[in-house]
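Colleague: Need coordinates for the following:
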Amino acid sequence: MKASSLTSIGAAAATISISLLPTATAFAPPPPSSKTTSLISAAAAAQIQEDLTFTPPDTFNDGQISEQLCTEAANKMKRVMVPVSKEVSDSGYVGISFIHWQASKKTVNTLPLLLVHGFDSSALEYRRLGPQLAKLGVDVYCVDLLGWGYTQLDSVNSFSAKAKVEALKGFWETVGGNGEVVVGGASLGGAAVIEFAAENVVCEVNEESSEEQGSGFVRGTVLIDAQGFVDGIGPMSFLPAPLARAGIKVLKSEPLRSSANQMSYFNPETYATDDALKVGRMHCMREGWEDGMLSFMQSGGFRPKEKVSKIDVPSLVLWGREDGILEGKEFATKFIDTMPNARLQWIEECGHVPHLEQPELTAQYISEFLRSEEVQPPRSTSALSNGIFDGLFNFLN
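Modeller: Numbers count the residues shown, from 1 in each chain. As a prediction, this is how the structure comes out:
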């Protein structure tokens, strides 16, 4: 391979990494879930099919990661079978991994929070934020996007951006019964959340007809240094497969990941550690990861730009003041200008990953947003959600 080709691959891989940061056995398929109504009850818990082939990542021994919060988060990880189209999987189901932090107290009723990680990352990205939110009374579900993290990689036909959003919807249909929820995403996870939310925003009841005008369930969004105004993934989507694979190998290399890691923090001396590097790379060692990444690259990636304005539910835009990857003065203010109902909260002395660098403060802002009157669930939803989620806790914990 020519040196110039390798150079272009490395440059393309670096551009993606920096700008987008940071086999199930047979089972009894659950019946399709309908929209959350009085028909859904705690009995839904019995329909959830855990992927019994799944073993949580051993971050301490296999990953050589010493951070205790990472070990605790990995030990809580589970994988469930969720419905998808035959375009994604011939079986109609894929295994989606997630971590659930159950609220340790419930002083004020709030909707659950569904969080999505950044580019080629995992739910372990929320190992510091999840526990902080749980302490403040928030039920948190941190989900791996299909093809990344510790999701099913074999017997899957597509890991495209569309497939990722479809599997995310299947996850909430399965685990949340399509109950009302606030969804959040960091960095490229924000792009996934924008596409997901735009299709599923809550539609209020028409008072004249007393009929709902849609089947949405997303009542709010939380965008953390999110990518929402850059469509696609750049030059790698146009590379022939052999060259793309070479670029993918660069993507998981220690030098590239280390460079991106350093750029992600306001205080890299404290946070851009060897542990942080290992957490971000561990899932890349799984068999099938490269094929999954190639599928995503060839799909062209997420295209959230034209969908941001469609999210008319209350939204919290969190941004690290010193983000060196996505400049807040440009992108954070764009969200406020484009979204009909968004508020901006800066996080001082913080880079691109507030959930890792300032988890306590980030949790505080999110908790206050979830408790705000505009995001409070309707009474009927509150009573129903309590029944559903209380019944699920035996499985989810």
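Colleague: Every contact and neighbour count from this point should use C-alpha atoms.
Modeller: Noted.
Colleague: got any ranges where the stretch 201-350 of the chain has weak pLDDT?
Modeller: 204-214 (pLDDT under 70).
Colleague: I meant to write the stretch 1-150 of the chain there.
Modeller: In the stretch 1-150 of the chain (pLDDT under 70), the answer is 1-47, 106-107.
Colleague: Tell me where it has helices.
Modeller: Applying DSSP state H, counting those that start in this stretch to the stretch 1-150 of the chain gives helices spanning 3-20, 68-76, 129-135.
Colleague: Leaving out the residues flanking it, which one is nearest to the residue most central in space within the chain?
Modeller: The centroid of the chain falls nearest to Val116 when counting by Cα atoms, centre = their mean (1.1 Å). The shortest distance from Val116 to any non-neighbouring residue, by Cα to Cα, 6 or more residues apart in numbering, is to Gly185 (4.6 Å).
Colleague: Same question for Ser264.
Modeller: Here the residue nearest Ser264, using Cα to Cα, 6+ apart, is His352, at 5.0 Å.
Colleague: What residues of the one helix or strand the residue nearest to Val116 maps to count as buried?
Modeller: For Gly185, the element it lies in under DSSP states H and E is strand 181-186. For strand 181-186, burial by neighbour count (16 or more other Cα atoms under 10 Å) applies to Val181, Val182, Val183, Gly184, Gly185, Ala186.
Colleague: isn't His310 right up against Met339?
Modeller: Just to correct that, residue 310 is Lys rather than His. Yes. The pair Lys310 / Met339 is scored as a contact, 7.4 Å apart, by Cα atoms under 8 Å.
Colleague: rewinding a little: tell me which strands the strand holding Gly185 pairs with, and in which orientation.
Modeller: Under the criterion DSSP bridges, strand 181-186 sits next to strand 113-116 (parallel), strand 218-224 (parallel) in its sheet.
Colleague: Heading C-terminal from the last one, find the next helix or strand.
Modeller: Using DSSP H and E, the helix or strand that follows strand 218-224 towards the C-terminus is helix 241-251.
Colleague: export that following helix as PDB, just CAs?
Modeller: C-alpha atoms of helix 241-251 as PDB (Å, rounded to 0.1, in the frame of the first residue of the first chain):
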ATOM      1  CA  ALA A 241     -13.500  -1.600   1.900                       C
ATOM      2  CA  PRO A 242      -9.700  -2.600   2.100                       C
ATOM      3  CA  LEU A 243      -8.700   1.000   2.700                       C
ATOM      4  CA  ALA A 244     -11.600   1.500   5.100                       C
ATOM      5  CA  ARG A 245     -10.500  -1.500   7.100                       C
ATOM      6  CA  ALA A 246      -7.000  -0.100   7.300                       C
ATOM      7  CA  GLY A 247      -8.500   3.100   8.600                       C
ATOM      8  CA  ILE A 248     -10.600   1.200  11.100                       C
ATOM      9  CA  LYS A 249      -7.500  -0.400  12.500                       C
ATOM     10  CA  VAL A 250      -6.000   3.000  13.000                       C
ATOM     11  CA  LEU A 251      -9.200   4.100  14.900                       C
END
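Colleague: For the helix or strand just after it, which helices and strands make contact with it?
Modeller: Downstream of helix 241-251, the next assigned helix or strand under DSSP H and E is helix 254-264. Helix 254-264 sits against helix 3-20, helix 274-281, with contacts defined as 3 or more Cα pairs under 8 Å, 6 or more residues apart in numbering; DSSP states H and E.
Colleague: And the last one, how far out from the chain middle?
Modeller: On the basis of Cα atoms, centre = their mean, to the nearest Å, the separation between the geometric centre of helix 274-281 and that of its chain is 18 Å.
Colleague: Could you do stretch 302-309 as well?
Modeller: In terms of Cα atoms, centre = their mean, the gap separating the centre of stretch 302-309 from the centre of its chain is 16 Å.
Colleague: Quick one, which of the strands paired with strand 181-186 gets closest to Lys249.
Modeller: Among the strands paired with strand 181-186, the nearest to Lys249 by Cα to Cα is strand 113-116 (23.9 Å).
Colleague: Looking at this protein, which strand is longest?
Modeller: When the chain is scanned for its longest strand (criterion: DSSP state E), the result is strand 93-101.
Colleague: Between helix 68-76 and that strand, find me the angle.
Modeller: Counting by axes from the mean of the first three to the mean of the last three Cα atoms, to 10 degrees, strand 93-101 lies at 140 degrees to helix 68-76.
Colleague: could I get strand 93-101 in PDB with only the CA atoms?
Modeller: Coordinates of the C-alpha atoms in strand 93-101 are reproduced here as PDB (Å, rounded to 0.1, in the frame of the first residue of the first chain):
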ATOM      1  CA  TYR A  93     -34.000  -9.600  17.300                       C
ATOM      2  CA  VAL A  94     -30.500  -8.400  18.400                       C
ATOM      3  CA  GLY A  95     -28.900  -8.300  21.800                       C
ATOM      4  CA  ILE A  96     -28.400  -4.800  23.300                       C
ATOM      5  CA  SER A  97     -26.200  -4.300  26.300                       C
ATOM      6  CA  PHE A  98     -27.000  -1.600  29.000                       C
ATOM      7  CA  ILE A  99     -26.400  -0.600  32.500                       C
ATOM      8  CA  HIS A 100     -29.200   0.400  34.800                       C
ATOM      9  CA  TRP A 101     -28.600   2.600  37.900                       C
END
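Colleague: partners of it, with directions?
Modeller: Next to strand 93-101 in the sheet, as set by DSSP bridges, lie strand 78-83 (antiparallel), strand 140-143 (antiparallel).
Colleague: What angle do strand 93-101 and the next helix or strand after the last one make with each other?
Modeller: On the C-terminal side of strand 140-143, the nearest following helix or strand under DSSP H and E is helix 161-175. Angular relation of helix 161-175 and strand 93-101 on a 0 to 180 degree scale: 60 degrees, by the same axes, to 10 degrees.
Colleague: which helices and strands does helix 161-175 pack with?
Modeller: Packing partners of helix 161-175 (3+ Cα pairs under 8 Å, 6+ apart): strand 78-83, strand 93-101, helix 188-200.
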